[in-house]
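Undergrad: Just a sequence and a predicted model for now, questions to come.
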Amino acid sequence: MPRKVTKPDPQKQLMIKVKACQRLVKEANYYEEEVEENEAKLQQMKDDKKDHYDIKKFQEVLAESHMMIPDSVCRRDKALDDLNEFAALLKKEEAGNSDLMGCEWMGEAKKILGEDENDANQEGEGGEDVAVTAVDGLEEGEAF
């Protein structure tokens, strides 16, 4: 007997997409901070004339950190685009559903995407800046 096809809960889908964006924004910021810290540490090692082998190994660690940035930024941007498309679809299809439009996850999505309550169609470079800033409210070790 075939299973009955049910429509997925849009609020649950929105929650998953918002949490994924939060995690990926946090991850991309972490890698960027790690590179800055490692560059400073590498320079300190060079200034202190540490062992050549240690410096070489640390340069390899730094190179690996540099390689992670484009991948994490790409995944973050893809997740943000996906969230933006999904939020726009929900606004179009579920405009009359005040429970969904007023839920905490829609508010979080608007914060991440940089949408103002008065101007839900705001797009452009500002969204990325807000997404980076949105991580400030997260506590260290906070579960999504």
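TA: Yep, it's here.
Undergrad: Tell me the buried residues in the host helix or strand of residue 39?
TA: In this assignment (DSSP states H and E), residue 39 forms part of helix 10-47. For helix 10-47, a neighbour-count test (16 or more other CB atoms under 10 Å) marks 10-11, 14-15, 17-18, 20-29, 31-32, 34-35, 38, 42 as buried. All C-beta atoms are positioned from the backbone trio N, CA, C, and that covers glycine.
Undergrad: just checking, next helix/strand downstream of that helix?
TA: helix 52-93.
Undergrad: any idea how far that next one is from the chain center?
TA: Helix 52-93 has its C-alpha centroid displaced from the chain centroid by 8 Å (CA atoms, centre = their mean, to the nearest Å).
Undergrad: again with stretch 105-115
TA: Centroid separation for stretch 105-115 versus its chain: 12 Å, with CA atoms, centre = their mean.
Undergrad: repeat for stretch 96-111
TA: 19 Å.
Undergrad: how long is that stretch end to end?
TA: 21 Å (CA to CA, to the nearest Å).
Undergrad: in that stretch, what's buried?
TA: 100, 103, 105, 106, 108, 109, 110, 111.
Undergrad: what about the nearest residue to residue 41 once chain neighbours are set aside, neighbour count?
TA: Closest residue to residue 41 apart from its sequence neighbours, by CB to CB, 6 or more residues apart in numbering: residue 58 at 7.1 Å. By the criterion of other CB atoms under 10 Å, residue 58 has 16 neighbours.
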